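Engineer: what would the 3D arrangement of this be:
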Amino acid sequence: MASTWDLLIKGATFFDGSGDLPSVQDVAVREGKVVARGENLPGGHAEAVVEASGQWLLPGLLDIHTHLDLEVDVEPALPEVVRHGTTTVVVGNCSLGTSFGSQKTGDQEPIVDCFTRVENIPKAVLRKVTEKITWDNTGDYMDHFKDLPLGPNIATFVPHSMLRIEVMGLKDSVSRAPTEAELVQMEALLETAMQQGYMGLSTDGLPFHYLSNDPNTAKRIPTQFASFRELRRLLKVVRKYDRVWQTTPILENRLMALFYFSLTSGRLFGKPLKTSALSAMEMTAAPKSGRLFLKVARLLNTWLFKGKLHFQALGTNFRVWSDGIVSPLFEEMTATSQLIAREYDDVEGRQKLMHDPDWVALFRKEWMHGRTGGDFASWKTRHGFPDSLVIRDGHKLIFDGAPISHWDGESMAQVMERVQRFKAGDETAARSRAEQTAFEEFPAILRDDADFM
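Structural biologist: Numbers count the residues shown, from 1 in each chain. Below is the predicted model of the structure:
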């Protein structure tokens, strides 16, 4: 007798994707589709049977915020994605992407300029990848996925920074407002992309996303130079096709953030705009800021504004690895941003900067801001509204690949405590000759972790 099913999965804890509580069920599959669910389905009807007792069975996960724009062309299978059960990923987030090709003209390298510091990818790697790009428009970009052996499904936003660069050029996109003709051209390109199946438009407002090439290392990515009027016009196109606006909050100015988020409103702009806002905030450092975002969303989603604003936040602890302070998270501080802006192999330049008394004073001022206990900034920090979201708690900063091997896995606070003991005369605080040599290089007195850093 011919088999009824290709596969029968028995006894799994089954999540159906509706949000309901899971239940233990058998699930039958034929030609890649679920065709039967229930208890005690007959194994004899299936070509293959998998015993899944104690394991979860659920629909593929959708990762709506990734920056796999370049990786998908290097390794289309994206094994690190699918092994976690993710079957669809969205690229083109935060205004960055490759949907307009390399966009390289003369000495301008937009992808290198935009991705290096925002995504913490070495320039040499970015240049190798962009050399392989063969498309130069949104249609050909979408079509090129047909020739790739993809692991997960791919969906993409039109990245606003790259849209501005496509129309205005990199230099002008961060130095002036677009002309009326350029706005019209942006609208036309965006409309074409909507017709080609793009998810919508992505923008960005985070204060630590900078360009990486001279002379623009002190400038943020192009989307952050857009006016409210420009976004309103572009999002009118997105709204027309019932697509999505992906963005990040303007953290420096909460009133300005509320003003821009009002673009989700159907009451103000004729039709609700689906809006997805994400920021990797340190919720334990800024708990009230997180709750404030939720209140903003509830307000804009009421009958009064008729919005569709949804914030995304991490539901668990999130570890970030970085090579020292070379991370977008440290771009929020001017002093560390100046270090990151140096070319990666410019060791001499970074050391010179770190020995500059003015830089040292600036670093100390920023590192201790809101942590001294006796000023308004410290009061705001204690009450859940810190001025800075940079993680400066030495107990949360962990060594990995440290110059002294047995520091690996230890917090900076632990090592600092031993340095202080050593400087106070306790030679047993140094656990090895290498550690003693390192401790001897520290100042005689460590007032706080700013001195330690």
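Engineer: from here on, just use CA atoms for contacts and neighbour counts.
Structural biologist: Noted.
Engineer: now the closest residue to Ala434 other than its chain neighbours: how far from Thr437?
Structural biologist: With sequence-adjacent residues excluded and distances taken as C-alpha to C-alpha, 6 or more residues apart in numbering, Ala434 is closest to Ile404, at 6.8 Å. Distance of Ile404 to Thr437, given as C-alpha to C-alpha, to the nearest Å: 10 Å.
Engineer: and if you look at Leu126?
Structural biologist: 39 Å.
Engineer: again with Asp448
Structural biologist: Distance from Asp448 to Thr437, by C-alpha to C-alpha: 21 Å.
Engineer: again with Gln25
Structural biologist: 62 Å.
Engineer: more neighbours: the two, which one.
Structural biologist: Gln25 (21 against 11; other C-alpha atoms under 10 Å).
Engineer: that one and Ala12 touch, don't they?
Structural biologist: Yes - contact criterion C-alpha atoms under 8 Å: Gln25 and Ala12 qualify, at 5.7 Å.
Engineer: ranges for the helices of the stretch 101-250 of the chain?
Structural biologist: Listed in chain order, the helices of the stretch 101-250 of the chain (DSSP state H, counting those that start in this stretch) span residues 110-118, 123-130, 138-144, 160-168, 170-173, 180-195, 228-240.
Engineer: for the helix or strand of the chain with the lowest mean pLDDT, name the packing helices and strands.
Structural biologist: Least confident helix or strand of the chain, by mean pLDDT, DSSP states H and E, is helix 287-300 with a mean of 82. The contact analysis (3 or more C-alpha pairs under 8 Å, 6 or more residues apart in numbering; DSSP states H and E) places helix 287-300 against strand 308-312.
Engineer: just the mean pLDDT for the strand it packs on, thanks.
Structural biologist: For strand 308-312, mean pLDDT rounds to 88.
Engineer: which residues touch Gly374?
Structural biologist: Contacts for Gly374 (C-alpha atoms under 8 Å, 6 or more residues apart in numbering) come out as none.
Engineer: helix/strand/coil for it?
Structural biologist: coil (DSSP: H, G, I helix; E, B strand; the rest coil).
Engineer: so how far is Tyr198 from the closest residue to Val237 other than its chain neighbours?
Structural biologist: In this structure, Val237 finds its nearest non-sequential neighbour in Glu191, 6.2 Å apart by C-alpha to C-alpha, 6+ apart. Using C-alpha to C-alpha, one gets 10 Å for the distance from Glu191 to Tyr198.
Engineer: more crowded one of these two?
Structural biologist: Tyr198 (22 against 19).
Engineer: roughly how far does that one sit from Trp245?
Structural biologist: Using C-alpha to C-alpha, Tyr198 is found at 11 Å from Trp245.
Engineer: again, but for Lys295
Structural biologist: Counting by C-alpha to C-alpha, the gap from Lys295 to Trp245 is 19 Å.
Engineer: how about Glu440?
Structural biologist: Taken as C-alpha to C-alpha, the span from Glu440 to Trp245 is 54 Å.
Engineer: which one's more surrounded, those two?
Structural biologist: Between Glu440 and Trp245, counted using other C-alpha under 10 Å, the more crowded position is Trp245 (24 against 13).
Engineer: isn't the more buried one up against Val237?
Structural biologist: No - counting by C-alpha under 8 Å, Trp245 stays clear of Val237, with 10.6 Å between them.
Engineer: show me where pLDDT drops low in the stretch 101-250 of the chain?
Structural biologist: Along the stretch 101-250 of the chain, no part satisfies pLDDT under 70.
Engineer: the longest strand along the chain: which residues count as buried?
Structural biologist: Longest strand in the chain, counting residues (DSSP state E): strand 5-14. By 16 or more other C-alpha atoms under 10 Å, the buried positions in strand 5-14 come out as 5-14.
Engineer: looking at the residues you listed, which is nearest Leu263?
Structural biologist: Phe14 (38.8 Å; C-alpha to C-alpha).
Engineer: burial measure for the nearest residue to the closest one once chain neighbours are set aside, as a count.
Structural biologist: Distances taken as C-alpha to C-alpha, 6+ apart place Leu57 nearest to Phe14, at 4.8 Å, with adjacent residues excluded. Residues within reach of Leu57, counting by other C-alpha under 10 Å, total 21.
Engineer: now do the same contact list for Leu57.
Structural biologist: 12-15.
Engineer: and Arg267, by the same measure?
Structural biologist: 304-307.
Engineer: repeat the analysis, applying 10 Å as the threshold.
Structural biologist: 300, 303-307 (C-alpha atoms under 10 Å, 6 or more residues apart in numbering).
Engineer: now those residues in a markdown table, with neighbour count and distance to Thr88?
Structural biologist: Output for the contacts of Arg267, formatted as a markdown table (neighbours: other C-alpha atoms under 10 Å; distance: C-alpha to C-alpha, whole Å):
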| residue | neighbour count | distance to Thr88 |
| --- | --- | --- |
| Leu300 | 24 | 29 |
| Trp303 | 11 | 33 |
| Leu304 | 12 | 34 |
| Phe305 | 19 | 32 |
| Lys306 | 21 | 29 |
| Gly307 | 27 | 26 |
